[in-house]
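Novice: Please find the sequence and the predicted model below.
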Amino acid sequence: MIEERFDAIVIGAGMAGNAAAHTMASRGLKVLQIERGEYPGSKNVQGAILYADMVEKIIPNFREEAPLERHLVEQRFWMMGERSHTGLQYRNDDFNEEKPNRYTIIRSQFDRWFSREVQAQGALVICETTVTELVSDAYGKVIGVRTDRAGGTIFADVVVLCEGVNGLLGTRARLREAPKPEHVALAVKEMHFLPRETLDARFNLHGDEGVVIEAAGVISKGMTGMGFVYTNKESVSVGMGCLVSDFAANNDTPNGLLEAFKNHPSIKPLLEGSEVKEYAAHLIPEGGYKTIPELFGDGWLVCGDAAQLNNAIHREGSNLALTSGRLAGEAIFQIKSRKDAMSKQNLALYKKLLDDSFVMKDLKKYKDMPALLHANSQNYFLAYPQLVSKAMENFLRVDGTPKLDKEKATIASFVKERSWTGLFGDAWRLARAWR
Amino acid sequence: MKILVCIKQVPDSAQIRVHPVTNTIMRQGVPTIINPYDLFSLEEALRLRDKFGGEVTVLTMGPPMASESLRKALAIGADRAVLLTDRFFAGSDTLATTYALAQAIRKIEQTFGKQDIVFTGKQTIDGDTAQVGPGIAKRLGLLQLTYISKIAECDPDKGEVVVERRAEGGVQVLKTAMPCLITMIEGSNDVRRGALGDTLRAARAEIVTWSARDAEIEDLTKCGLKGSPTIVKKVFAPAPRSEKAAFIEPGKNAAESADALIAAIFTRHPALEADMTKLASGL
């Protein structure tokens, strides 16, 4: 047992944990952060896109120091057919601004830098140490943590759980249930290295400009999922993910899907000649608003992926983690400043701050989307992409068929596949869930 | 007892490669570790301290980032860490390295007291010379015990140590007087995992950081590239010797597949076929 007491113990050094630790340490709280990886970032996996606004709220001048890859100037949404894609592409030179809005990053580098900033604020960060359980008093209030090291029990006024998507600790302590297979996606990604000039030419980029391709359609074989291609400075992150329950039901593997995605005629030329140097896998919480567990209790708070705070529709996660970590830190600081106890009643302030932020508002907006996409995945991820691809081919191929006949054939193909009621039903359900 | 352990931060050689075209070592993105051999020495030093009391100091020479390795050593249980870092040390071979380290050890003895044992690893995994330990011993006039597999006895009062040394054809049991220099071989002990208290202490510890001047190293011509008569003329990756693998189409059944496999082997090694046929006909 360690005699020394801390104001707060933060478990995990990912986005949420670093945001919470930084927020509290910079306000003068005595913070201990415990990370199980060899160094902060060594176990953290993300695509990864960083949203500047949420980092700025913690470290305003982060752009000067942080290891950033490219700022994004272009987004491509691709609906994938078997050998085709129908794309929506948006590029804007205004994204080449002094303080760009979105960046690609490499988490192992970014998180390491972020942790140095946390330490510079005075937080004590220890690595290669796993928290094995939460320690509670006779009344059930969390008062500290037990670690896997000798003499490894240590106490604090409050414990902030930023342990990631699996949330083993919280589950073990019965603060919440383990995430269900239909509420988490399993994503795999590879880092493909290419010479910078090749990458710039291939993706039409200059300087530090970057592009994002997000792809959905037949590549997920009717399962709820998608693929992505992100440009880094000298590498391309290529990944693919689907709901775990879908993988189980279809007896399919994520690496199998990724191989097929990489070999899709629209993707393959982008990766040609590259060297794969990294392979990673990660679970992503996708259940949305309805799967958010209890966020606070006597002596504890939970943030980020562990709290299922992820916006699957907009593929935002790290910004929700950063914001929830920051708000947890602010709530604790406010309670501490009033010299109040870290009771459930007082820590409800965290939930209030979160409810007032974009985090809960966005998740609430899309509360019905995850279930809808899951229940109708065959239509949204297989049938429609195939129909759209066929329609585009029909529209573009010049073969002497009168245009009116072509249009009729296209409409007929949609009606045949989904029927009029089905088509309107799908549109209505989607529109309602989106609102 | 006062014990000093020299460690080195090295690239994890399991993850290092030689560039196929330029023949240079590709260090980029290769993680660094404490030279694995040094950890056996560190553990042995900690065991002696735990048994007889005293303190263990770890010393390294390297760029500022080498402090990461020192902090790890502190988290394992060392009491103090000294980093010797200066641009004058860049490009040191083993002669220049031992000069600088020996001077630093003298300075450590002035500052923190006389050391009973200096430990180093058997060798490093990046240089593989096994010269630095003996070099330090020579410069400091210490008795040297290399390739030690076990410290059998230690008597700080009498100033004696008995060790087992791996040697050709067997094990030597050697007794010597302290102060001495010991290099441990791999597998001589199981390196411990520091307690939670050690990791907290390590995270907070001030690492003693010395420049050449701080360590009172006066003759800079004996340091770094200037003081290094050894020059790396060429680095290359040996050409892989393996032959190209062949794929054999599986037959309808196991027997057919086996026939195809044997045929393929015999086609490549006719001498083997002749031998086997001769052998078979003799039966």
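Specialist: Now that the structure is in, tell me what you want to look at.
Novice: from here on, contacts and neighbour counts on C-alpha atoms
Specialist: Fine.
Novice: Walk me through the domains of chain B.
Specialist: Chain B breaks down into these domains under automatic domain parsing: B:2-222, B:242-283.
Novice: Looking at the stretch 51-200 of chain B, what residue ends up closest to chain A?
Specialist: B:A195 (4.5 Å; C-alpha to the nearest C-alpha).
Novice: Please tell me how far the closest residue in space to that residue that isn't next to it in sequence sits from B:G194.
Specialist: In space, and not counting its chain neighbours, B:A195 is closest to A:A150: 4.5 Å by C-alpha to C-alpha, 6 or more residues apart in numbering or on different chains. Spatial separation of A:A150 from B:G194 under the definition C-alpha to C-alpha, to the nearest Å is 7 Å.
Novice: and what of A:I11?
Specialist: A:I11 is 19 Å from B:G194, by C-alpha to C-alpha.
Novice: Next: A:V218.
Specialist: 51 Å.
Novice: sorry, back to before: so of the domains of chain B, which one's packed in deepest?
Specialist: domain B:2-222 (a mean of 19; mean count of other C-alpha atoms under 10 Å in any protein chain shown).
Novice: List the contacts of A:G241.
Specialist: A:185-188, A:225-227, A:254 (C-alpha atoms under 8 Å, 6 or more residues apart in numbering or on different chains).
Novice: How about the stretch 51-200 of chain B, which of its residues are in the neighbourhood of chain A?
Specialist: Within the stretch 51-200 of chain B, the positions adjacent to chain A are B:193-197, B:199-200 by C-alpha under 8 Å from any C-alpha of the partner chain.
Novice: where exactly do the strands run in the stretch 151-283 of chain B?
Specialist: Ranges of strands in the stretch 151-283 of chain B, per DSSP state E, counting those that start in this stretch, are B:160-167, B:170-177, B:180-184, B:208-210.
Novice: Take these and write them to a markdown table, including distance to A:V125 and mean pLDDT.
Specialist: Below are those laid out as a markdown table (distance: least, C-alpha to C-alpha, whole Å; pLDDT from 0 to 100):
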| stretch | distance to A:V125 | mean pLDDT |
| --- | --- | --- |
| strand B:160-167 | 39 | 94 |
| strand B:170-177 | 42 | 95 |
| strand B:180-184 | 32 | 96 |
| strand B:208-210 | 20 | 97 |
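Novice: How about the residue nearest in space to the middle of chain A, nearest residue that isn't a chain neighbour?
Specialist: By C-alpha atoms, centre = their mean, chain A has its centre lying nearest to A:G317, at 3.3 Å. Distance criterion C-alpha to C-alpha, 6+ apart; nearest residue to A:G317, sequence neighbours excluded, is A:N310 at 4.5 Å.
Novice: Isn't the one you found up against A:E316?
Specialist: Yes. Contact status for A:N310 versus A:E316: in contact at 6.1 Å, counting by C-alpha atoms under 8 Å.
Novice: So which of those two has more stuff around it?
Specialist: Ranked by neighbour count (other C-alpha atoms under 10 Å in any protein chain shown), A:N310 and A:E316 place A:N310 first, with 29 against 16.
Novice: Which one of the residues in the stretch 251-400 of chain A is closest to chain B?
Specialist: A:K277 (10.3 Å).
Novice: No further queries at this time; thank you.
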